[in-house]
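Enquirer: Mind folding the following:
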Amino acid sequence: MKIIAIGRNYVAHAKELNNAVPTSPVIFMKPDTAVLKHNQAFYHPDFSNDIHHEIEIVLKIAKEGKHIDPKFAGNYFEEIGLGVDFTARDIQQGLKEKGLPWELAKGFDNSAPVSDFIPKSEFPDLKNINFNLLINGNEVQKGNTKNMIFPFEELISYISRFITLKKGDLIFTGTPEGVGKVAIGDRLTGFIEGKKLIDFEVK
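Expert: So this is what the prediction gives:
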């Protein structure tokens with residue numbers, strides 16, 4: 001299983017980090033050791049003083065595919081979940097300044113908490129899904145898939161031109177604006193259309 005993540009897929013988020021709005025999807029990957037399931041606690045790593053939350057809709061790939069046409073891309077996922085792309089922003093900034101890859105800032109252990117998944121059939125319109133993240137009861141991020149630069153089908157098609165998708169792979173589809181620092185003792189709760197899927201503590 002691999003985790004393929006999309007950077008800068010919401011205009012407002014790209015702008016809040018002073019990044020250019022992309023004309024094609026920005027792709028990076030996390031190893032399988034990044035996955036954190038069942039709302040287990042996230043232990044703040046000691047190598048960073050600036051771990052940021054990034055709430056995202058996550059697609060679970062249902063079957064193998066490559067060079068997938070966008071019009072058929074919807075056949076390659078059946079479930080949708082919620083994930084947090086934890087990012088060591090201080091490490092990422094240092095790497096970006098040197099023109100180096102982001103992996104250490106994005107792919108560290110347990111940097112990808114993932115919720116249980118919901119059948120996509122429960123959503124009447126995949127291009128209009130509301131999701132949000134609260135920290136200690138206060139909303140910090142709120143997004144809707146209608147604001148994605150590259151929608152689900154386009155992401156699947158684009159990725160599969162370069163990387164074969166296999167059953168069980170996860171695609172983190174990008175975060176809306178409002179990313180920020182987490183601290184030990186914080187409780188993160190995440191919702192899709194009001195349904196709580198993420199609920200864990202930072203320790």
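
Enquirer: does the closest residue to K63 other than its chain neighbours sit in a helix, a strand or a coil?
Expert: Leaving out its chain neighbours, the residue that sits closest to K63 by CB to CB, 6 or more residues apart in numbering is K167, at 5.5 Å. Where C-beta positions appear, they are placed from N, C-alpha and C, glycine not excepted. Judged by DSSP: H, G, I helix; E, B strand; the rest coil, the three-state class of K167 is coil.

Enquirer: For K167, give me its contacts.
Expert: Shown in contact with K167 (CB atoms under 8 Å, 6 or more residues apart in numbering): 61-64.

Enquirer: Going through those, which ones are buried?
Expert: 61-62 (16 or more other CB atoms under 10 Å).

Enquirer: Which pair in the contacts of K167 has the greatest spatial separation?
Expert: A62 and E64 (9.3 Å; CB to CB).

Enquirer: and stretch 157-171, what's its mean pLDDT?
Expert: Averaging pLDDT along stretch 157-171 gives 98.

Enquirer: quick one: terminal-to-terminal distance for it?
Expert: 12 Å (CA to CA, to the nearest Å).

Enquirer: Looking at the protein, which helix is longest?
Expert: helix 152-162 (DSSP state H).

Enquirer: For the next helix or strand after that helix, which outside residues touch it?
Expert: Later in the chain than helix 152-162, the nearest helix or strand by DSSP states H and E is strand 170-172. Contacts to strand 170-172, defined as CB under 8 Å, 6+ apart, come from residues 1-6, 30, 35, 56, 58-61, 77, 83, 85, 112, 114, 155-156, 159.

Enquirer: mind running it again at 6 Å?
Expert: Here strand 170-172 makes contact (CB atoms under 6 Å, 6 or more residues apart in numbering) with 3-5, 56, 58-60, 83, 85.

Enquirer: which stretches of this protein aren't confidently modelled?
Expert: 13-14, 17 (pLDDT under 70).

Enquirer: Now do the helices in it.
Expert: Using DSSP H, helices in the chain cover 11-16, 89-97, 103-106, 152-162.

Enquirer: and the ones you listed as a markdown table, adding distance to D69 and mean neighbour count?
Expert: Supplementary listing: those in a markdown table, determined by distance: least, CB to CB, whole Å; neighbours: other CB atoms under 10 Å:
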| stretch | distance to D69 | mean neighbour count |
| --- | --- | --- |
| helix 11-16 | 26 | 16 |
| helix 89-97 | 34 | 16 |
| helix 103-106 | 29 | 20 |
| helix 152-162 | 6 | 19 |
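
Enquirer: Adding distance to F42, write those helices out as CSV.
Expert: Shown next, in CSV, are these (distance: least, CB to CB, whole Å):
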stretch, distance to F42
helix 11-16, 21
helix 89-97, 15
helix 103-106, 15
helix 152-162, 26
